[in-house]
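Enquirer: pasting the sequence and the predicted coordinates here, then a few questions.
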Amino acid sequence: MKGIDPLIRKAGHFARHAHRGQQRKYRGSPYSHHPFRVARAVARHEIGSRITVAAALLHDTIEDTGVREGDLRREFGDEIADLVVELTKPDYPESVSRAQRFELELKRLATISRRAKIIKLLDRMDNVRDSAQIQDRFTEIYLAESKALARELHDADPKVGTKLKKLIEACEAGTA
């Protein structure tokens, strides 16, 4: 890891530790591989700064682990923590249906920063690639939601939005 920015190295170690023991749903691989793939995609994008790459590494820590917002603020500062919070789905009440939660989430995502929207699009691309490995009812729902998300966030980066849309279409056609 020589030559890697110390902040990115620290975020990578933190993410790997936070996701320790978790596995990806379809791949069965260590969950920490996902934020590293998203971070690589962010690093290749024009928004790819040390801040956005670190945020991409940490993007699921609040939502999927025991990490709290304050932990990130102490360890990585406000700018990174703010991006991760923007990328974190709130806890919607259990009484709200999946479709309603998704509609609420789309409205929330419409209000986040451009950088967070692009990270979200790149995150969704990685998730769609994973879900393409299996065709079931959940995958159909997830792909439909992904289309809506691509439409909602498309303006943040039309090129990435279009890539996501094409990936979804390939998944639906069974060619991904």
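Expert: Happy to help now that I have it. Owing to the predicted nature of the structure, the values given are computational and were not obtained by experimental measurement.
Enquirer: burial count for T162?
Expert: Counted with other C-beta atoms under 10 Å, residues neighbouring T162 total 12. C-beta: built from backbone N, CA, C; applies to glycine.
Enquirer: before we move on, what about A56?
Expert: A56 has 33 nearby residues by other C-beta under 10 Å.
Enquirer: so it touches R37, yeah?
Expert: No: using C-beta atoms under 8 Å, A56 makes no contact with R37, being 9.2 Å away.
Enquirer: ok, D130 to G3 distance?
Expert: 29 Å (C-beta to C-beta, to the nearest Å).
Enquirer: those two - which one has more neighbours?
Expert: D130 (19 against 5).
Enquirer: okay, now the spatially closest residue to the more buried one that is not a sequence neighbour: neighbour count?
Expert: Of all residues beyond its chain neighbours, the one nearest D130 is Y26 (4.8 Å), with distances taken as C-beta to C-beta, 6 or more residues apart in numbering. Burial measure for Y26: 15 neighbouring residues, criterion other C-beta under 10 Å.
Enquirer: how would you label Y26: helix, strand or coil?
Expert: Following DSSP: H, G, I helix; E, B strand; the rest coil, the label given to Y26 is coil.
Enquirer: that one and I134, how far apart?
Expert: Distance from Y26 to I134, counting by C-beta to C-beta: 5 Å.
Enquirer: then V67?
Expert: V67 sits 29 Å away from I134, going by C-beta to C-beta.
Enquirer: looking at the two, which one has more neighbours?
Expert: Neighbours were counted for V67 and for I134 using other C-beta under 10 Å; V67 has more, 20 against 10.
Enquirer: for the chain, which spans come out with low pLDDT?
Expert: In the predicted model of the chain, residues 1-2 satisfy pLDDT under 70.
Enquirer: how about the residue nearest in space to the middle of the chain: what's its closest non-neighbour residue?
Expert: For the chain, the residue nearest the mean C-alpha position is D123 (3.3 Å; C-alpha atoms, centre = their mean). Nearest residue to D123 in three dimensions, chain neighbours excluded: V38, at 5.0 Å (C-beta to C-beta, 6+ apart).
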